[in-house]
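Participant: Need a 3D model of the following:
(chains A, B, C and D)
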There are 2 protein chains.
Amino acid sequence: MTAVPRNAQPAAPASVPASKALLRQAILTAASRLFAANGFAGTSLQNIADEIGVTRPALYYYFRSKDEILASLVEDITIGALKRSAQIEARSSNSPTASLRQMVMAQARWIMQHPLEFRVLLRTENYLSDKAKAVQDTAKRGILTAFARIIEAGVAKGEFRPVDPHMAALALLGMCNWSAFWFSSDGRKSADEIAETMAEMAVNSIRPARENGKDAGNLSALLAQWREDIDIFEKVAAKP
Amino acid sequence: MTAVPRNAQPAAPASVPASKALLRQAILTAASRLFAANGFAGTSLQNIADEIGVTRPALYYYFRSKDEILASLVEDITIGALKRSAQIEARSSNSPTASLRQMVMAQARWIMQHPLEFRVLLRTENYLSDKAKAVQDTAKRGILTAFARIIEAGVAKGEFRPVDPHMAALALLGMCNWSAFWFSSDGRKSADEIAETMAEMAVNSIRPARENGKDAGNLSALLAQWREDIDIFEKVAAKP
DNA sequence: AGATTATTTTACAATAGCGTCAAATCGCTC
DNA sequence: GAGCGATTTGACGCTATTGTAAAATAATCT
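Facilitator: The predicted structure is shown next:
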């Protein structure tokens, strides 16, 4: 392993120095690789140290324990996911369909951009400290309710079938999250393509069946349908 | 722990005697509970032994190692899932929509009937021996291709949108499998209700946009639909 | 009852990995 | 190049747990 370069900044002693943060990050990256490959228990601190080219006790200068490495790792990921869905919800488009599509895309994308970390996260809940687990739980709950709220709004507007919002949200999140287990960045499809397909599947999965004229009184449902039609049209028209 | 009752069969020394199989099963049940709760590495053989009321070395009479317990545990589950989807595929209804609905229901149900074992399975792939992992992989692949074949057939028949069958299968399986992480048997909804909802979502997710415009790429069908819609709109809007 | 087999236990290595500490080294400032 | 804080290292103790083997107990058969 190459020596870690130090930048020549005069000083930033107030908070964490840049150099320290740098190696910290290197540790986290190596750890996610190894944890994802061999599991948390299957990875010793020695393995991590070898990966970076230092000795085992050096790690204790950056993290108090093995568990703290794990906790730090998974916290970043969940918080990131939460932030994204909160952002989209705040953007509050008036169309739940559009919002849901965006949320699914964002979630799927975020996961496929960090598949390793996500796999670790999904597989190691048991080893988290109580405090870390609590952080996890609130973040997960936040994402879930964001999805559920959008779906609920869509149901109220008639853009979605009358499904149980909570359950539908869990189902759709499952669709997204599962990708951590199978997505490969060198596969035939890009993360963006997959995310789009999933978003399309998601909105379709709870879209009301078109009942020709039946409940024609429902204007917003009709408008929602038109929006989708236009999307389809746009895609078709854009093709060579 | 109560003594294990022995049946008075003369002898069945050829294969495994019934009594031995009984305690074996008890060990597996206890193990899944503990593995699911505290993780594989977080569970010692001592914990398992305590749960059943024997001493630790007694376990070695039934399993050669801790890993063998895990392997035996997860093998049962995956094989069961594979069997189910194979059955449904063999039943070969002529309607891919109906088949897909049934497969999703079966998969979701099977998982919600064994959520503990499934959580263990999803979280411990890393600790499996190479041989056990191979069994895993082929079973998983079998389920996946069963799903993909149905979807492919549906696409060919025009019952589904032209999605990538492989990818859609993964997405739908994700929806099902994820339930292992959130389903609770004492929740408001029963496993059957949830499975049905998921099946409905699944078939909708890849159903073509329009029932009456058979092929989605058909522009004139889309335009015709719009004209109709506008008529409806006009009537509704004209109302007092 | 006595013999034979099945099952469980007590006791015993052996190992791997975590966390700690004081000493050594590095990089920089004066 | 002496001094000082930041960083790394080697050596150590410790615990938890796995797996084994021979002895003890329970069950079954003749």
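
Participant: any weak-confidence spans in chain A?
Facilitator: A:1-18, A:92, A:125, A:210-240 (pLDDT under 70).

Participant: let's go with 50 and repeat that
Facilitator: For chain A, the stretches flagged by pLDDT under 50 are A:1-15, A:212-214, A:216.

Participant: how about the helices in chain A?
Facilitator: A:18-38, A:45-52, A:56-59, A:66-91, A:96-113, A:115-123, A:130-157, A:165-182, A:191-205, A:219-238 (DSSP state H).

Participant: can I assume A:M175 is in contact with B:A169?
Facilitator: No: between A:M175 and B:A169 there is no contact under C-beta atoms under 8 Å: 11.4 Å. Heads up, the C-betas are built off the backbone N, CA and C, glycines and all.

Participant: More neighbours: which of the two?
Facilitator: Using other C-beta atoms under 10 Å in any protein chain shown, the more surrounded residue of A:M175 and B:A169 is A:M175, with 29 against 23.

Participant: Might you report the residue contacts of that one?
Facilitator: Residues counted as contacts of A:M175 (C-beta atoms under 8 Å, 6 or more residues apart in numbering or on different chains) are A:V104, A:A108, A:M198, A:M201, A:A202, B:A171, B:L172, B:G174, B:M175, B:W178.

Participant: Show me how chain A divides into domains.
Facilitator: As assigned by automatic domain parsing, chain A contains the domains A:9-64, A:67-207, A:209-240.

Participant: Quick one, which of those gets closest to B:D67.
Facilitator: Nearest of those to B:D67, taken as C-beta to C-beta: domain A:9-64 at 11.6 Å.

Participant: For B:S184, which of the domains of chain A is the nearest?
Facilitator: Of all the domains of chain A, domain A:67-207 sits nearest to B:S184, with 11.3 Å by C-beta to C-beta.

Participant: Ends of that closest one, what's the gap?
Facilitator: 44 Å (C-alpha to C-alpha, to the nearest Å).

Participant: sorry, back to before: pick the most deeply packed of the domains of chain A.
Facilitator: Of all those, domain A:67-207 has the most neighbours on average by mean count of other C-beta atoms under 10 Å in any protein chain shown, namely a mean of 20.

Participant: hmm, that domain in reach of DNA strand D?
Facilitator: No: no part of domain A:67-207 sits near DNA strand D under the criterion C-beta under 7 Å from any atom of the strand; the closest distance found is 12.8 Å.

Participant: Look up how far A:I77 lies from A:P115.
Facilitator: 11 Å (C-beta to C-beta, to the nearest Å).

Participant: that older thread, tell me the one of the contacts of A:M175 nearest DNA strand D?
Facilitator: The closest of the contacts of A:M175 to DNA strand D turns out to be B:W178 (C-beta to the nearest atom of the strand; 29.2 Å).

Participant: Give me the nearest residue to A:H166, chain neighbours excluded.
Facilitator: Nearest non-adjacent residue to A:H166, counting by C-beta to C-beta, 6 or more residues apart in numbering or on different chains: A:A148, 5.1 Å away.

Participant: just checking, the one you found touches A:F160?
Facilitator: No: under the criterion of C-beta under 8 Å, A:A148 makes no contact with A:F160, lying 11.8 Å away.
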